[in-house]
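In: my questions are about this predicted structure, shown below with the sequence.
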Amino acid sequence: MKKAFYIGLIAGGILGIAVALSMDILLGKSLGGGWSEAVAHDLNSLFKTSLSQTNIIVIAGVAVVVGIIGAFGAIVGGIFSVMIARLFAMLTKEK
């Protein structure tokens, strides 16, 4: 089960990051802005500053947000792959 968990962990993390970045690329302009604009807006309203979207703090914030999404995807992928591995182990068990 460890092998299945690690495979799911890696696959889920990659898919989580891919989805987060593709949302930014594909939907960023049509919905009014991407991750960098959202992080800049939140930081500006929280700390009463005027940070641009290309500021290093905003870029680090985007990296943290995408990292959190990737970590959540990795955990879900690991759990799901263990569930699938146990299902197949039960189905192929001989009596």
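Out: Nice, thanks for sending it over.
In: pull out the buried positions in the helix or strand hosting residue 62.
Out: For residue 62, the host element (DSSP states H and E) is helix 56-91. For helix 56-91, the neighbour count (16 or more other C-beta atoms under 10 Å) marks 58, 61-62, 65-66, 69-70, 73-74, 76-78, 81-82, 85 as buried. (Each C-beta comes from the backbone N, C-alpha and C, glycine too.)
In: tell me the two of the residues you listed that are most distant?
Out: 58 and 85 (40.4 Å; C-beta to C-beta).
In: okay, now the unreliable bits of the protein?
Out: Of all residues in the chain, none has pLDDT under 70.
In: redo that, cut-off 80
Out: 28-32, 94-95 (pLDDT under 80).
In: neighbours around residue 23, how many?
Out: Applying other C-beta atoms under 10 Å, we find 15 residues neighbouring residue 23.
In: should've said residue 45
Out: 9.
In: could the C-alpha coordinates of stretch 38-50 be exported in PDB?
Out: Output of stretch 38-50 as PDB, limited to C-alpha atoms (Å, rounded to 0.1, in the frame of the first residue of the first chain):
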ATOM      1  CA  ALA A  38      -5.800  38.100  -6.800                       C
ATOM      2  CA  VAL A  39      -2.800  37.800  -4.400                       C
ATOM      3  CA  ALA A  40      -1.800  41.400  -5.100                       C
ATOM      4  CA  HIS A  41      -5.400  42.600  -4.400                       C
ATOM      5  CA  ASP A  42      -5.600  40.600  -1.200                       C
ATOM      6  CA  LEU A  43      -2.200  41.800   0.100                       C
ATOM      7  CA  ASN A  44      -3.100  45.400  -0.800                       C
ATOM      8  CA  SER A  45      -6.400  45.300   1.000                       C
ATOM      9  CA  LEU A  46      -4.900  43.400   4.000                       C
ATOM     10  CA  PHE A  47      -1.800  45.600   4.600                       C
ATOM     11  CA  LYS A  48      -3.000  48.800   3.000                       C
ATOM     12  CA  THR A  49      -0.200  48.800   0.400                       C
ATOM     13  CA  SER A  50       0.000  49.300  -3.400                       C
END
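In: may I see the buried residues of it?
Out: Using 16+ other C-beta under 10 Å as the test for burial, stretch 38-50 gives 38, 39, 40, 43.
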